[in-house]
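Q: One predicted model, sequence on top.
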Amino acid sequence: MKKVVISTGGGDAPGLNAVIYAVVHSCSRRGWEVYGSKSGYSGFLDMDDMVQLNLRSVEGIYSTGGTILGSTNKGNPFAKPILNLAGEVQVVDVSDRIMNNFRRMGFDCHIAIGGDGSLRLAQQFAEKGMPVIGVPKTIDNDLEATDRTFGFDTAVSTATNALDKLHSTAKSHDRVMVVEVMGRESGWIALYSGISGGADIILLPEIPFDMEKVCAKISDNELHDKHYSIVVVAEGAVEKGGQVFDKGSGELGREEKILGGVGEWVAQEIRKETEKDTRSLVLGHLQRGGSPTNFDRLLALRFGTAAVRMVEQGIFGHMVALEASKMEAVPIAEAIKSRKKVDLESDKVLTARNIGICLGD
């Protein structure tokens, strides 16, 4: 009998519970025990945050959003901020303590579900001797080693539904509506939702935009008797010669930039240059919530069961990946080497251009 532990790290995404469901059911059929570490690695540090999972505890969760284990993007065990006796914040490495507890609890494998940040931590633990299997999770779809990550399809559907609703209100008031979507430095959500949602302009991180071209498209709409426009902006989009908008947080231990604000800036520039009534909307964490779509639900279930098969085969230090519709094992180290960007020669980008969408260039 094997003893498996699951953790969910980083931002939440629709489909996390489906992976947990699949792992628990697959392990149960093999007579294995499954535990869940709450809030990332907290369960390895505090036994109150380590819970045993069984068929009853995961009943019906495959269709729900979020994660029953909780998640965090502030729990780096190699640089964990703690309050010392003097009341000062100190950054410490608790990874050895986690390794000792992992062995003491008798776990055979750790299934780490997360994006590139969480998988980077998983790789570090693999290098310390922990048997780890990664499951790719990010709504941004920016992991190079897998064709798709679960959560992406749901995020795109949420953004597309929002754009559908904005068309009617924008048309009613002859407005320009600027919608900022997530995606970090990759424009997948912006591109997919923008095309599907009938956007006039899509601004991607991969294509530094020219505000003159953006405003020219809006003016062209006016000439063709279309008095409203929809603009989709990825949070990591940049103007030519400019920099990404980093809201900053002042949070100790946070390495990544906190993107956001480019949508409102674009709206202000459009308002100034065209004198059109222009409003901005940030979808934000709305894209992370809700039940997973059918695609994401099935993909998450496939990832979970594939991870258990890899445990059975002893394939550790690898991540489950979707490659050409098949579940494959790829080294975690390879999976986190680089982030997947939108291919500017892809048929999706060509589709956008061919149907008259301005990409800011």
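A: That came in fine, so what should we check first? Residues are numbered from 1 along each chain as shown.
Q: going forward, measure contacts and count neighbours with C-alpha atoms only.
A: Noted.
Q: Can you give me the first-to-last residue distance of stretch 343-361?
A: One end of stretch 343-361 sits 15 Å from the other (C-alpha to C-alpha, to the nearest Å).
Q: Measure how far it is from the centre of its chain, please.
A: In terms of C-alpha atoms, centre = their mean, to the nearest Å, the centre of stretch 343-361 is set 23 Å apart from its chain centre.
Q: which residues are in contact with it?
A: By C-alpha atoms under 8 Å, 6 or more residues apart in numbering, the residues outside stretch 343-361 that reach it are 191, 195, 199-204, 206-211, 213-214, 217.
Q: So which of the residues you listed are in strands?
A: 201-203 (DSSP state E).
Q: top of the residues you listed by neighbour count?
A: L203 (30 neighbours; other C-alpha atoms under 10 Å).
Q: how about P131, what does it touch?
A: Applying C-alpha under 8 Å, 6+ apart, the residues near P131 are 108-110, 316-317.
Q: hmm, I was thinking of N101
A: Here N101 is in contact with 44-45 (C-alpha under 8 Å, 6+ apart).
Q: surely F44 meets F102?
A: Yes - the criterion here is C-alpha atoms under 8 Å, and F44 meets it with F102 at 6.7 Å.
Q: who's more crowded, the two?
A: Neighbours were counted for F44 and for F102 using other C-alpha under 10 Å; F44 has more, 23 against 19.
Q: TSV for the ones in strands among the contacts of stretch 343-361, including pLDDT and distance to L69?
A: What follows is the ones in strands among the contacts of stretch 343-361, written out as TSV (pLDDT from 0 to 100; distance: C-alpha to C-alpha, whole Å):
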residue	pLDDT	distance to L69
I201	97	39
I202	98	36
L203	97	35
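Q: Number of residues surrounding R175?
A: 20.
Q: Ok, V244 next?
A: Neighbour count of V244, defined by other C-alpha under 10 Å: 19.
Q: do V342 as well
A: 20.
Q: can you pull the contacts of it?
A: So V342 contacts 186-188, 206 (C-alpha under 8 Å, 6+ apart).
Q: And these, which is closest to K337?
A: S186 (15.0 Å; C-alpha to C-alpha).
Q: Let's verify the closest one: helix, strand, or coil?
A: For S186, the assignment made with DSSP: H, G, I helix; E, B strand; the rest coil gives coil.
Q: Tell me how far the nearest residue to it once chain neighbours are set aside lies from D174.
A: Ranked by C-alpha to C-alpha, 6 or more residues apart in numbering and with sequence neighbours excluded, the top spatial neighbour of S186 is K341, at 5.2 Å. Distance of K341 to D174, given as C-alpha to C-alpha: 34 Å.
Q: Could you do E222 as well?
A: 10 Å.
Q: before we move on, what about L359?
A: 22 Å.
Q: more crowded one of these two?
A: Neighbour tally, L359 and D174, criterion other C-alpha under 10 Å: the higher count belongs to L359, 24 against 17.
Q: Run through who's touching the lengthiest helix in the chain.
A: When the chain is scanned for its longest helix (criterion: DSSP state H), the result is helix 152-173. Here helix 152-173 makes contact (C-alpha under 8 Å, 6+ apart) with 14, 138-141, 176-177, 181, 189-190, 192-194, 196-199, 227-230, 283, 286-288, 291-293, 295-296.
Q: switch the cut-off to 6 Å
A: Contacting residues not belonging to helix 152-173 are listed as 139, 141, 189, 193, 197, 228, 287, 292-293 [C-alpha atoms under 6 Å, 6 or more residues apart in numbering].
Q: mind listing the strands for the stretch 251-361 of the chain?
A: Residue ranges of the strands in the stretch 251-361 of the chain, as given by DSSP state E, counting those that start in this stretch, are 278-282, 318-323, 326-331.
Q: which of those is buried the deepest?
A: strand 318-323 (a mean of 24; mean count of other C-alpha atoms under 10 Å).
Q: could I get the contacts of V342 as JSON lines with pLDDT?
A: Listed next are those as JSON lines, based on pLDDT from 0 to 100:
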{"residue": "S186", "pLDDT": "94"}
{"residue": "G187", "pLDDT": "96"}
{"residue": "W188", "pLDDT": "97"}
{"residue": "E206", "pLDDT": "96"}
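Q: Out of those residues, which two are the most distant from each other?
A: W188 and E206 (10.0 Å).
Q: Those two: which is more packed in?
A: W188 (26 against 17).
Q: how far away is that one from S118?
A: With C-alpha to C-alpha as the criterion, W188 and S118 are 20 Å apart.
Q: can you list the strands of the stretch 251-361 of the chain in JSON lines and add mean pLDDT and distance to I61?
A: As requested, the strands of the stretch 251-361 of the chain are arranged in JSON lines below (pLDDT from 0 to 100; distance: least, C-alpha to C-alpha, whole Å):
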{"stretch": "strand 278-282", "mean pLDDT": "94", "distance to I61": "29"}
{"stretch": "strand 318-323", "mean pLDDT": "96", "distance to I61": "21"}
{"stretch": "strand 326-331", "mean pLDDT": "96", "distance to I61": "23"}
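Q: V238: which of these is closest?
A: strand 278-282 (16.3 Å).
Q: Contacts for that closest one next, please.
A: So strand 278-282 is contacted by 175-180, 264, 267, 271 (C-alpha under 6 Å, 6+ apart).
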